[in-house]
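Engineer: Fold the following and give me the result.
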Amino acid sequence: MMVSRVNKLNSIEVVRAFAALLVILFHIQTAFGVQIAVEPFRSIVGGGHRGVDLFFVLSGFIIAFVHRDDLGRPGRLNNYLYNRFVRIFPAVWIVSALALMFYLYGPAIPDKAGKLAPYPILASVLLLPQQGVPLVNVTWTLTYEIFFYVLFAAMIVNIRLGLAVLLAWQGITALIALSGADLGLAGYYFRAICLDFSVGLAAAWLVHRAATNAVPLAAWTGILALGVAGFIVGMWFDSSAVYAAALCAFGSGLIIVALVKIEQRKDLHIPQWLVAIGGASYAIYLVHFSVIQVLSMIVRRLGLPPSELLYFVYVPAGIVAGMVFDSWVDKPIQRRLRQLKPTLLRSHPAAAASGFGPR
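Structural biologist: Predicted coordinates:
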C-alpha cells in the first residue's frame with residue numbers, strides 16, 4: 001500500500017491514547033508506592049504496564065501498514081531510516097539532556113550514581129541495551145523499537161532475507177519465552193515482549209486482506225469486544241506470566257484490526273480531543289514519568305497527606321505536559337528536520353510512523 005493512499009487513521013490515535021493512559025496510571029501507582037507508601041486503585045491499574053504491549057503491537061502494525069509497498073525496494077531505505085531517526089531521537093536527546101541536568105544538579109536520588117556512569121549515559125542517548133534504568137526511565141522500550149526498525153529495514157533491502165531474519169528472531173524469542181530462561185543482557189532482544197511486533201505485523205496483513213464491507217459491522221464489533229476482553233484478562237493475570245503477555249498482545253491485535261475496519265466502513269466517530277491525545281502520545285510517554293516524579297517530590301516535601309485524589313492531579317498533569325512538549329518542541333523540530341530532506345520526504349509524507357506517537 002503506497003503511502004500516498006494511506007489516510008490518517010483516527011482509530012489508531014484512540015488506541016495510542018488508551019495505551020498512554022494505561023502507562024501513566026501504572027507509573028502514578030508506582031510513584032505513590034515508592035514515595036508516598038500508598039498504592040491507590042491497584043486492582044484496576046496494577047496491570048497498566050501492559051500499555052507497552054499495546055504500543056509495541058501498534059508499532060508492528062503501523063510500520064507494516066505504511067511501508068508495505070517499500071518491501072524489497074532498497075531505493076526507499078534512506079527515506080525510511082531518515083524518518084525513523086527524525087521521529088525518535090531528537091525528542092529522546094532533549095528529555096535525556098534535561099534528565100542528565102537534573103541528576104547532576106538536583107536532589108539526591110537512590111539510583112543517581114548508576115545513571116551518571118559513562119556507559120549508561122551513552123546507552124541512554126543512543127538507545128542501546130543496558131543493565132540499569134536509562135536517564136529517562138521509559139526510554140528502555142525504545143531500544144526494542146529501534147531494533148525492530150532495523151530488522152524491518154532489512155526487508156526493505158531484501159524482502160526474502162529480511163523476512164527470514166525477522167522470523168528467526170521471533171522464533172528464537174518464542175522458544176526462550178516458553179522455556180522461561182533468563183539470559184540477562186545477552187538475551188536483551190529475545191525477551192517475550194518482542195513478540196508483540198509480530199502480532200502487529202499480522203494485524204496489518206489482516207487489515208489489508210480482509211474485505212471491509214463484506215464482513216457485517218456486528219462481526220467487527222464482536223471481534224473488538226473479544227480483543228478488549230482478552231486484553232483486560234491479560235492485565236489481571238500475573239504480570240510475569242507468558243500467557244498474560246500473550247493475551248494482551250493478541251487482544252491488542254484484535255482491537256486494532258476491528259477498530260480500523262469499523263473506521264474504514266465509516267461507522268466510527270471519534271472526538272477530536274481523543275485524537276489529539278493519541279497524536280501526542282509519544283511526547284506524553286516520554287515526559288509523563290518525569291512529571292510524576294517531580295510532583296511526588298513536591299507532595300512529599302510539602303507533607304501533604306497521601307490521597308487517591310492526587311490521581312486526578314497527576315493524570316492530567318502528565319497528559320498536558322506531554323501535549324505541550326509535543327506542540328512546542330517535538331513537532332517544530334520534526335518539521336524543520338523534514339525540510340532538510342525534501343527530496344526524500346516528498347513521496348512519503350506519512351512515513352514517520354511508530355507505535356509511540358507517529359504522525
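Engineer: helix, strand or coil for residue 204?
Structural biologist: With DSSP: H, G, I helix; E, B strand; the rest coil as the basis, residue 204 sits in helix.
Engineer: separation between the closest residue to it other than its chain neighbours and residue 96?
Structural biologist: Once flanking residues are discounted, residue 204 sits nearest to residue 64: 3.6 Å by CB to CB, 6 or more residues apart in numbering. Glycine gets a C-beta too; all of them are placed from N, C-alpha and C. Shown here: residue 64 relative to residue 96, a distance of 29 Å by CB to CB, to the nearest Å.
Engineer: Neighbour count for those two, which is higher?
Structural biologist: More neighbours surround residue 64 than the other of residue 64 and residue 96, with 23 against 20 (other CB atoms under 10 Å).
Engineer: residue contacts, that one?
Structural biologist: By CB atoms under 8 Å, 6 or more residues apart in numbering, the residues touching residue 64 are 152, 200-201, 204-205.
Engineer: so which helix or strand takes in it?
Structural biologist: Following DSSP states H and E, one finds residue 64 within helix 51-67.
Engineer: for whichever helix or strand comes after that helix, packing partners?
Structural biologist: The helix or strand immediately downstream of helix 51-67 is helix 77-105, counting by DSSP H and E. Applying 3 or more CB pairs under 8 Å, 6 or more residues apart in numbering; DSSP states H and E, we find helix 77-105 packed against helix 118-126, helix 140-157, helix 281-302, helix 331-339, helix 342-345.
Engineer: shaky segments in the stretch 51-200 of the chain?
Structural biologist: For the stretch 51-200 of the chain, the stretches with pLDDT under 70 are 108, 110-111.
Engineer: rewinding a little: make a markdown table from the helices and strands packed on helix 77-105 and add distance to residue 314 and mean neighbour count to it.
Structural biologist: Compiled in a markdown table, these are given as follows (distance: least, CB to CB, whole Å; neighbours: other CB atoms under 10 Å):
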| stretch | distance to residue 314 | mean neighbour count |
| --- | --- | --- |
| helix 118-126 | 24 | 16 |
| helix 140-157 | 20 | 19 |
| helix 281-302 | 6 | 20 |
| helix 331-339 | 24 | 14 |
| helix 342-345 | 37 | 13 |
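Engineer: Using TSV, lay out those together with distance to residue 324.
Structural biologist: Below are the helices and strands packed on helix 77-105 laid out as TSV (distance: least, CB to CB, whole Å):
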stretch	distance to residue 324
helix 118-126	23
helix 140-157	21
helix 281-302	8
helix 331-339	11
helix 342-345	26
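Engineer: Quick one: closest of those to residue 188.
Structural biologist: Among those, the nearest to residue 188 by CB to CB is helix 140-157 (7.6 Å).
Engineer: Give me the angle between the closest one and helix 118-126.
Structural biologist: Angle, helix 140-157 to helix 118-126, by axes from the mean of the first three to the mean of the last three CA atoms, to 10 degrees: 60 degrees.
Engineer: How far away from the center of its chain is helix 140-157?
Structural biologist: The chain centre lies 13 Å from the centre of helix 140-157; the measure is CA atoms, centre = their mean, to the nearest Å.
Engineer: Nothing else from me, thank you.
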